[in-house]
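Engineer: Attaching a predicted model along with its sequence, questions to come.
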Amino acid sequence: LRYRIIERSMSPGHPTKGGSPIGLTLSVEPTIGLFDTSSGERARRTGVEARLALDGALVPSHLFGAVNLSYEAERVRPLGLVAIDAAGKVVNATDPDVVGMMRAPAKNESGLGLSAAITYQPIENYFIGAEARYRRAYEGLGLQSLAGQALFIGPTFFVNFGREKTLAIAWSSQVAGKAEGSPGGLDLENFSRHEAKIALRVGF
């Protein structure tokens, strides 16, 4: 779901008269899944991502900038049962203190993200650029407890083939980060070392 709050006066290849030099868009993307993306196990997964995107033409038709603020939340409940002891704690099924079985507990996570990107159009409809993203991971759906943070930097590429066909490619590497309670200069518990995205969009 996407709503354009402010229409920018010029978009790549499609200049318009009047309007604002910047654009502001709010998007909300709900998700439903049948497995846990971190473990690969079957699970019931529901989530939502909300994004506020600000973009503008720094040099009309050539240089563009964007800043995004995002919030995401996800609830994952593995399928099946788990063993519990007399205190109601989850234990190994072979543990002698097992007193019963119950549905696997749900795992609630949320996160905040702030990104900044710049893109240059050397020839019409072809764009190359770079992006920096700062992300924070939390336990709980309401950002209750900080679990870790990371900074990603990498290049981007975008091409507009026309007739509502576009291709976007992005790759980034974690250059700094920290998981709560863990030493080191990276957070590899809550985030991956590298991230890549390829998106082909076709309009109908």
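Structural biologist: Sure thing, it's come through. Numbering: from 1, shown residues only.

Engineer: which sections of the protein are below the confidence cut-off?
Structural biologist: Scanning the chain for pLDDT under 70 picks out 10-19.

Engineer: Going along the chain, name the helices of it.
Structural biologist: For the chain, no helices turn up when DSSP state H is the criterion.

Engineer: And the residue of it positioned farthest from its centre, how far from residue 89?
Structural biologist: Residue farthest from the centre of the chain, counting by CA atoms, centre = their mean, is residue 96 at 42.1 Å. For residue 96, the distance to residue 89 equals 14 Å [CB to CB, to the nearest Å]. Where you see a C-beta, it was placed from the backbone N, CA and C, and this is true even at glycine.

Engineer: Can you report how many residues lie near the closest residue to residue 47 other than its chain neighbours?
Structural biologist: Sequence neighbours aside, residue 74 is the residue nearest to residue 47 in space, at 3.6 Å (criterion: CB to CB, 6 or more residues apart in numbering). Residues near residue 74, counting by other CB atoms under 10 Å, number 19.

Engineer: likewise residue 5?
Structural biologist: Using other CB under 10 Å: residue 5 sits among 11 other residues.

Engineer: Quickly list what the residue lying closest to residue 23 once chain neighbours are set aside is bridged to.
Structural biologist: Closest residue to residue 23 apart from its sequence neighbours, by CB to CB, 6+ apart: residue 8 at 3.2 Å. Here residue 8 sits in beta bridges with residue 20, going by DSSP bridges.

Engineer: Is residue 8 in contact with residue 57, as I believe?
Structural biologist: Yes. Shown here, residue 8 and residue 57 form a contact pair, counting by CB atoms under 8 Å, at 7.1 Å.

Engineer: who touches both of those two?
Structural biologist: Any residue near both residue 8 and residue 57 by CB atoms under 8 Å, 6 or more residues apart in numbering counts here, and that gives residue 21.
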